[in-house]
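[1] Structure for the following, please:
(2 chains)
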Amino acid sequence: MLAVTDVRKSFGGTAAVRSASLTVEAGESVGLIGPNGAGKTTLFRCISGELRPDAGTVAFGGRTLGRMPPWRRARLGIGRTYQRVEVFPELTVLDHLLVADRAPRHRGALWRDLLNRSAPRPTELDRMAAVLAMVGLEAVADRPVGALGLGTCRLVELARAVVAGPRLLLADEPSSGLDGDETASLASVLRALQRSSGMAVLVVDHDLRLVEAVADRVLVMDLGQVVASGAFDAVMSAPAVRRAYLGTA
Amino acid sequence: MEQLIGFAVPGLPYGCAYAVFAVGLCLTYQTTGVFNFGYGAQAYASAFVFGWLVQYKAWPVWAAFVAAVVVLGPGLGLVLDRFLFRRIPSTNTTAKMVTGLSLLVGIPALLPVLFGNENVVGVPSVAFDPNTVYFHLFGLAVVPVNGIVLSAVVLAVAILVVLVLLLRVTFLGLEMRAAVESRRLVQLGGVDGDRVTATAWAMSGFMAGLAGVLLAPMQATVQSQDFVTLMVAAIAAAAWAALRSMPVAAAVGVLLGVASVTLQGYLPTGSIWYSAALPAMPFIVLVAALLTVPGLRRLDASVDPLSTVDPPQPPPVARARAPEIDRVVRTGWWVLLVAFVVSMLTWMPRGWETVLNQGLAYSVIFLSITLLTGTAGQLSLAQATLAGVAAFTAGQLAEHLGLTFLVGGLVGSVLAAAVAAVLALLSMRLRGLGLALMTLAAALLFDAAVFSASSVSGGTGGITIRAAWLGLDLLAPDGHVYFVVALAVLVICTGGVVLVQRGTVGRYLAAMRGSEVGAGGVGVNLPWQRVLVFALSGALAGVGGTLLAVQQTVIAPAAFNYQLSVAFVVVVVTTGVGSVEGAIQAGMGLVVIEELFQYAPPRFEGLTFVLFALGALAYAAHPEGVVELEKRRWTARAERLILRRRHPGSAAVTGES
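    As a prediction, this is how the structure comes out:
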């Protein structure tokens, strides 16, 4: 479903991603880990279209994405959460889901607004209610997101990303800023969403417990390259991974 | 060659003033993260005080220089830092811009209040006698170097060298460059961040004063308008330096000053190049920089690492108040509307009816700012220009094709929407400050090259509207017909804006305002939404401009210039940019306060904009607007009162825990 081939990205003279390749199959959950500066977030941003690779290709569903902007990638079925939460503070939780549900379907004609025909439809409300129930946000559905805490905002981002039924979810450090309990809770929600919807997940995180709980397969990046791939336990004992995290004696 | 040098040397004082000013803008931006739109006003204040002290108080030139440049310049910078910019979160670009714009509007309006309405003329040169030729450059008789040229070059070179050395070599310079990323983070490192930025503000204030005093001797009268040309040229120079490289900014500034005066010498007087292209040159240079300099696209990309500790903005009162209060407020609005309509049609004195009619037209224009800035978070400094595009189009269509003025106004509004859409397309890669500069450049370009052309505007006097153009008896002496039409248009436009805000497009725009990255990530078509909201906003401004032109019975360039575009933003921000209530309060408040000041002595004429500028200065602390803030406080009081009646003795009501 997602095929990243030989992607390279440099900033000035610094090569953040040297030559990274990876694949994610439909319905698969993949964790991308590595030490600070390994190039994970840069690679992630190349996949989501926020950065343009210097070389290499990103293909989704058999289609090369090239210079396609992020909003068009989202419409192809790529959902996204962010390391630094990117919510809309003045909109309610429900509004977040409505925006995310309608935008990929091209709903939002001006004439509908001017004729006051933009109220959420029963089918939309049902879909949003189901997602809110899965992530446990029913109680704050009508509250502006600016008034919510960081942990709740991460759940809002997650709900927003999955409400339109993406085929692939890119989760960028979802545990950033959360405590142990919140991270565990988020991991179980993420896993449940992935299993119930059948979407593929590519998650980047420093919290290895979250990655272990969510991912079927783990990729390890170091110095801008993927250095190991496989099941969590096997990968974590691989010499290349130990060297990446612990260095050489 | 002799002729070229002869034309170029008189341009050096302009070039030096542009260079000092451009470097000052870069300095402020680099060391404080603020692009100070009020910089031109600071320069004007120093030049005005300098000339005023010499002319009216007979101070010696050196003493006036010390007072205006060495004391007032840095002093004003320190005051701005201490009481305004220091309080703005480092990531709130809009608050920084609005505060600067308030100063741009407020300071020139305040000076006559403090010093009187007398003109300041014949400002002397600072260091050398302007009437003495000290030497001839290269020994050429056609290139005399007088005191004005010499003062400008010597002072500019000295100040630029000192500044570059200070920033590059000293520890203070290093601290200044670090503080721009995050004053709070620098403080955590043991540096007194407040002292560092205060020093930067004092230095930039000194440079503003110096640039103002350098430019003043070249003008017959010290007028704030001349400092706009200075500011635009300096902004263009600073833009080519991406607000970072001071040597580049200085070089472009000098080049711009010299080139414009040199071209003035070569171009035939009376040609279109002389009358239109030459005045527009700084704006064209600015637009070219905005379109081509990559660094300008990343101006707002830097993020304060500590910005996440800033609290979120509260939602508007209208969305947050309790249902009981909401019912009362809504009923109150309807009662007020009915009372207003009845009053206007029955007992309202004719003079006040005219004033309030004007307020209706302004309210429609201000709704365009509510939609664009309040809903979509995009700042445009060209809304009066767009209003003018529609009004002049209607005038020309009526005059040449015999089209009814109001129909022509609709055509003009479509044209204004198209101009706004083109502006949005041109500035597609710009955000925040870059976008504001692009719209300001467009407004200035229209002022200098389009609205000034007599074939468009009929000259400075404008186009007088004839009753036969209108179809309806809108110019009837009692003003009732105009009132009914204007009110109907305002109600329709208000309803339209509310429906858009509540609809899907409004949610997309609110998402875009909250986080463009997040909105793009869920599939919102950002380029289209941006073009759409600019076009809608342009159309609204056009409709309001047409109404305003009819009310004033003349379509004059002065009613649609860039100053009003800036003032409009300041006025709407004061009353509340997030809601349609704010736009209507701004429209009616502006005309009522202006009318009340008609009864005051002439020197207080500009106090209206001073008041609104003061209101907008509170934007940093209260982005919802001071009027919206007061509404929030009163709403909270009312809610406490209701709760106390329902649940007497409750801890939640009394505030006990």
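[2] Chain A: strands as residue ranges?
    Ranges of strands in chain A, per DSSP state E, are A:2-11, A:14-24, A:29-33, A:55-60, A:63-64, A:78-81, A:168-172, A:200-204, A:217-222, A:225-230.
[3] can I get the ones you listed in JSON lines with mean neighbour count, distance to B:Ala583 and mean pLDDT?
    C-betas here are computed from N, CA, C, even on glycine. Output for the strands of chain A, formatted as JSON lines (neighbours: other CB atoms under 10 Å in any protein chain shown; distance: least, CB to CB, whole Å; pLDDT from 0 to 100):
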{"stretch": "strand A:2-11", "mean neighbour count": "18", "distance to B:Ala583": "44", "mean pLDDT": "93"}
{"stretch": "strand A:14-24", "mean neighbour count": "18", "distance to B:Ala583": "46", "mean pLDDT": "91"}
{"stretch": "strand A:29-33", "mean neighbour count": "25", "distance to B:Ala583": "48", "mean pLDDT": "93"}
{"stretch": "strand A:55-60", "mean neighbour count": "16", "distance to B:Ala583": "44", "mean pLDDT": "94"}
{"stretch": "strand A:63-64", "mean neighbour count": "10", "distance to B:Ala583": "45", "mean pLDDT": "92"}
{"stretch": "strand A:78-81", "mean neighbour count": "28", "distance to B:Ala583": "35", "mean pLDDT": "92"}
{"stretch": "strand A:168-172", "mean neighbour count": "25", "distance to B:Ala583": "39", "mean pLDDT": "93"}
{"stretch": "strand A:200-204", "mean neighbour count": "24", "distance to B:Ala583": "44", "mean pLDDT": "94"}
{"stretch": "strand A:217-222", "mean neighbour count": "22", "distance to B:Ala583": "51", "mean pLDDT": "91"}
{"stretch": "strand A:225-230", "mean neighbour count": "18", "distance to B:Ala583": "55", "mean pLDDT": "89"}
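[4] nearest to A:Arg143, of those?
    strand A:78-81 (19.6 Å; CB to CB).
[5] now for the closest one, which elements pack on it?
    With contacts defined as 3 or more CB pairs under 8 Å, 6 or more residues apart in numbering or on different chains; DSSP states H and E, strand A:78-81 has these neighbours: helix A:40-48, helix A:150-162, strand A:168-172.
[6] Point me to the helix or strand that includes the nearest residue to B:Gln219 once chain neighbours are set aside.
    Nearest residue to B:Gln219, sequence neighbours excluded (CB to CB, 6 or more residues apart in numbering or on different chains): B:Asp226, at 5.1 Å. Using DSSP states H and E, B:Asp226 falls within helix B:224-240.
[7] ok, residues contacting the helix or strand following that helix?
    The helix or strand immediately downstream of helix B:224-240 is helix B:246-266, counting by DSSP H and E. Contact with helix B:246-266 is made by B:3-4, B:6-8, B:10-23, B:25-27, B:156, B:160, B:163-164, B:167, B:233-234, B:236-238, B:240-241, B:243, B:274, B:278, B:281-282, B:285, as judged by CB atoms under 8 Å, 6 or more residues apart in numbering or on different chains.
[8] and with 7 Å instead?
    B:4, B:7-8, B:10-12, B:14-16, B:18-19, B:22-23, B:26, B:160, B:163-164, B:233-234, B:236-238, B:240-241, B:278, B:281-282, B:285 (CB atoms under 7 Å, 6 or more residues apart in numbering or on different chains).
[9] ok, the residue nearest the centre of chain B - contacts?
    Centroid check for chain B by CA atoms, centre = their mean gives B:Val566 as the closest residue, at 3.1 Å. Counting by CB under 7 Å, 6+ apart, B:Val566 makes contact with B:Leu101, B:Leu104, B:Val105, B:Leu381.
[10] Next: B:Ala443.
    By CB under 7 Å, 6+ apart, the contact set of B:Ala443 is B:Leu381, B:Ala382, B:Thr385, B:Tyr562, B:Ser565.
[11] List just the nearest of these to chain A.
    B:Ala382 (22.2 Å; CB to the nearest CB).
[12] what pLDDT does that closest one get?
    You'll see B:Ala382 listed with a pLDDT of 94.
[13] Neighbours of it, how many?
    Neighbours of B:Ala382 under the rule other CB atoms under 10 Å in any protein chain shown: 32.
[14] what does chain B put close to chain A?
    Residues of chain B lying near chain A by CB under 7 Å from any CB of the partner chain: B:312-313, B:315, B:496, B:499-500, B:503-508, B:510-511, B:514-515, B:517-518, B:520-526, B:532.
[15] Filter those down to the buried ones, PyMOL style.
    Per 16 or more other CB atoms under 10 Å in any protein chain shown, the buried members of those correspond to this PyMOL selection:
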select buried, chain B and resi 313+315+496+499+500+503+504+505+506+507+508+510+511+514+515+518+520+521+522+523+524+525+526+532
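[16] Filter the residues of chain B next to chain A down to the ones in helices?
    In helices, defined here by DSSP state H, the members of the residues of chain B next to chain A are B:496, B:499-500, B:504-508, B:510-511, B:514, B:517-518, B:520-521, B:526, B:532.
[17] Kindly provide the distance from the residue nearest to A:Val93 when sequence neighbours are not counted to A:Val131.
    Using CB to CB, 6+ apart and skipping the chain neighbours, the partner closest in space to A:Val93 is A:Ala141 (5.0 Å). Distance of A:Ala141 to A:Val131, given as CB to CB, to the nearest Å: 10 Å.
[18] Please report the distance of the residue nearest to A:Val93 from chain B.
    Per CB to the nearest CB, to the nearest Å, A:Ala141 is found 15 Å from chain B.
[19] Near that residue, how many other residues are there?
    Other residues close to A:Ala141 by other CB under 10 Å number 16.
[20] Can you name every helix or strand that the helix holding B:Asp226 contacts?
    On a contact count with 3 or more CB pairs under 7 Å, 6 or more residues apart in numbering or on different chains; DSSP states H and E, helix B:224-240 meets helix B:12-32, helix B:39-56, helix B:193-215, helix B:246-266, helix B:278-292, helix B:432-445.
[21] tell me the secondary structure for B:Arg168?
    Here B:Arg168 is helix, with the state taken from DSSP: H, G, I helix; E, B strand; the rest coil.
[22] Write out the residues of chain A neighbouring chain B.
    Residues of chain A lying near chain B by CB under 7 Å from any CB: A:69-71, A:74-75, A:80, A:82, A:86-91, A:95, A:98-100, A:102-104, A:107-108, A:110, A:112-114, A:116, A:118, A:144, A:146-147, A:160.
[23] Report the buried members of those.
    The buried subset of those - by 16+ other CB under 10 Å - is A:70-71, A:74-75, A:80, A:82, A:86-91, A:95, A:98-100, A:102-104, A:108, A:110, A:112-113, A:118, A:144, A:146, A:160.
[24] Out of the residues you listed, which sit inside helices?
    A:70-71, A:74-75, A:95, A:98-100, A:102, A:110, A:112-113, A:160.
[25] And stretch B:451-464, what's buried?
    B:Phe451, B:Ser452, B:Ala453, B:Val456, B:Ser457, B:Gly458, B:Gly462, B:Ile463.
[26] What is the most widely separated pair among the residues you listed?
    So, those by CB to CB: farthest apart are B:Ser452 and B:Ile463, at 13.6 Å.
[27] With distance to B:Trp347 as new columns, can the ones in helices among the buried ones among the residues of chain A next to chain B be given to me in a markdown table?
    Shown next, in a markdown table, are those (distance: CB to CB, whole Å):
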| residue | distance to B:Trp347 |
| --- | --- |
| A:Pro70 | 59 |
| A:Trp71 | 56 |
| A:Ala74 | 58 |
| A:Arg75 | 59 |
| A:Asp95 | 45 |
| A:Leu98 | 48 |
| A:Val99 | 49 |
| A:Ala100 | 54 |
| A:Arg102 | 50 |
| A:Leu110 | 41 |
| A:Arg112 | 43 |
| A:Asp113 | 39 |
| A:Arg160 | 55 |
